[in-house]
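J.: take this sequence and fold it.
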Amino acid sequence: MLDQEIKSQLKEYLKLLENDIVIKANVGSDKVSKKVDELVNEIASMSDKISLEKGKFERTPCFSIDRPGEESGIVFAGVPLGHEFTSLVLALLQVSGRPPKEDEKVIQQIKQLDGPLYFETYVSLSCQNCPDVVQALNLMSVINPNITHTMIEGSAFKEEADNKEIMAVPAVFLNGESFVNGRQTLEGILEKLGSSVDVTEIDNKDPYDVLVVGGGPAGASAAIYAARKGIRTGIVAERFGGQVQDTLGIENFITTTYTEGPKLVANLEEHVRDYKVDIMNSMRAKSLEKKDLFELKLENGATLKSKTVVLSTGARWRNIGVPGEAEFKNKGVAYCPHCDGPIFEGKDVAVIGGGNSGVEAAIDLAGIVKHVTVLEFMPELKADQVLQDRLHSLSNVTVLTNARTSEIYGSNKVEGLCYVDRETEEEKNIPLAGVFIQIGLVPQYRVVEGNTGSK
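T.: A predicted model of the protein is given here:
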């Protein structure tokens with residue numbers, strides 16, 4: 001089930017188990033059950049601290065990770081491999097008693113939550129955004145006995161996911177009702193549950209010498225350079241790592257031939273924390289004013305002060321700005337082919353954008369979905385020629401150039417899109433189940449508009 005390299009890594013991790021744990025598995029005779037059975041038996045054979053028992057759960061196949069005589073609340077339905085393998089390893093360690101690395105204030109917030117809170121998270125194993133959510137909810141389950149969490153592999157429970165009309169992952173349900181979609185930080189989840197940070201505590205922070213707005217690579221670099229000078233430095237970020245978190249493969253980071261976004265971000269954060277930078281995550285800047293000091297107002301009502309402010313607010317996905325785009329976000333309109341592509345298996349989809357991102361998305365999706373239509377506004381694709389050659393070699397891809405998307409339509413979810421042929425001005429429509437928008441990024445400068453006289 002696991003290749004030799006992963007086995008070797010896992011054996012080293014399992015040496016860190018603090019106490020005995022029990023894996024309770026419920027499997028059937030289907031293919032996924034056989035994989036789950038093989039996986040849990042393989043893991044149990046690697047450590048004397050792990051025992052294996054039969055369990056009873058509402059889904060088959062699935063397994064829980066518990067302490068002897070005590071349930072942790074963590075359940076995996078399906079096979080947690082791919083990007084979720086890290087979630088599995090962390091769950092094993094945390095249930096055994098390995099202390100979490102989270103700030104003590106965050107841990108206290110989790111302990112104070114009232115229950116019962118029963119979370120279910122639908123994921124795809126190719127989704128690099130899903131593990132953050134799974135790991136956050138697993139940790140909450142370990143810390144607070146009123147919380148339980150089940151990770152559900154969407155492809156293993158496709159009928160269930162279809163019945164709930166899940167069209168974007170991660171999709172989190174709380175006590176049977178839709179809770180959140182998309183990447184979330186632990187702090188963000190706590191805020192949505194009504195357990196937010198103390199605004200007064202933020203207001204009372206001493207002024208910084210340097211306050212960085214934005215937690216991407218640029219913001220992290222600025223913070224490190226400032227902190228190395230021995231001056232008081234802070235970072236405010238909606239989510240540390242920014243757009244890099246959404247990047248699957250990175251091959252142009254000098255000295256590193258290949259890495260992945262979440263891994264790079266984890267290294268960045270560790271590096272920043274080494275310099276005792278005050279990282280304020282899951283906080284969104286609202287406005288910036290210059291008085292005696294710069295005053296940065298946050299959307300939660302708090303205000304931070306600093307002698308100097310570095311704005312590294314990065315970018316966001318560019319929208320096409322047509323009817324239906326906002327209405328059907330997470331209901332067929334998507335931006336991440338790796339995360340949401342498997343949901344559209346066997347269905348027709350469109351990719352809007354003919355640059356490198358759009359063509360790469362179309363190539364990836366063509367191996368999953370029934371048919372891909374690529375729509376490019378300009379007379380020709382802008383992607384590298386090697387990507388175009390690969391795209392044109394695929395039998396289930398159609399390329400439309402000079403195509404201006406005019407509407408994405410549907411009832412409760414995407415059912416198709418309309419576009420205008422720019423050569424003939426004829427409006428046409430394409431029935432489909434999903435639309436992946438890949439037309440690049442735009443800078444985020446809202447926080448400084450109209451406040452400092454510059455953009």
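
J.: now find how far off-centre the helix or strand of the chain with the lowest mean pLDDT is within its chain.
T.: Of all helical and strand segments in the chain, the minimum by mean pLDDT, DSSP states H and E falls on strand 315-317, at a mean of 85. Distance, stretch centre to chain centre, for strand 315-317: 15 Å (C-alpha atoms, centre = their mean, to the nearest Å).

J.: look at the residue nearest the centre of the chain and report its pLDDT.
T.: Nearest to the geometric centre of the chain sits N129, at 2.1 Å (C-alpha atoms, centre = their mean). On the pLDDT scale, N129 is placed at 87.

J.: quick one: contacts for it?
T.: Taking C-beta atoms under 8 Å, 6 or more residues apart in numbering as the criterion, N129 is in contact with 169-170, 182-183, 245-246, 336, 339. C-betas here are computed from N, CA, C, even on glycine.

J.: among these, which ones are in helices?
T.: The helices, defined by DSSP state H, take in C339 from these.

J.: in TSV: the contacts of N129, plus distance to V349.
T.: Output for those, formatted as TSV (distance: C-beta to C-beta, whole Å):
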residue	distance to V349
V169	15
P170	20
G182	18
R183	21
Q245	24
D246	19
C336	13
C339	14
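
J.: top of the contacts of N129 by number of neighbours, please.
T.: Comparing the contacts of N129 by number of neighbours (other C-beta atoms under 10 Å), V169 comes first, having 29 neighbours.

J.: ok, it touching I343?
T.: Yes: with contact defined as C-beta atoms under 8 Å, V169 reaches I343; the gap is 6.8 Å.

J.: who touches both of these two?
T.: 124, 154.

J.: coming back round to it: mind picking the two most distant members of the contacts of N129?
T.: Pairwise distances across those peak at 14.8 Å for V169 and Q245 (criterion: C-beta to C-beta).

J.: coming back round to it: after the least confident helix or strand of the chain comes which helix or strand?
T.: Sequence order places strand 333-334 as the next helix or strand after strand 315-317, per DSSP states H and E.

J.: so what touches that next one?
T.: So strand 333-334 is in contact with 167-168, 324-325, 340, 408, 414, 434-437, going by C-beta under 8 Å, 6+ apart.

J.: output those residues in JSON lines; the columns should cover distance to I352.
T.: Conversion of the contacts of strand 333-334 to JSON lines gives the following (distance: C-beta to C-beta, whole Å):
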{"residue": "M167", "distance to I352": "17"}
{"residue": "A168", "distance to I352": "16"}
{"residue": "G324", "distance to I352": "12"}
{"residue": "E325", "distance to I352": "10"}
{"residue": "D340", "distance to I352": "14"}
{"residue": "I408", "distance to I352": "9"}
{"residue": "V414", "distance to I352": "12"}
{"residue": "G434", "distance to I352": "11"}
{"residue": "V435", "distance to I352": "7"}
{"residue": "F436", "distance to I352": "7"}
{"residue": "I437", "distance to I352": "5"}
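
J.: and those residues, which are buried?
T.: Buried subset of the contacts of strand 333-334 (neighbour count, 16 or more other C-beta atoms under 10 Å): 167-168, 324-325, 340, 408, 414, 434-437.

J.: show me those that map onto strands.
T.: 408, 414, 434-437 (DSSP state E).
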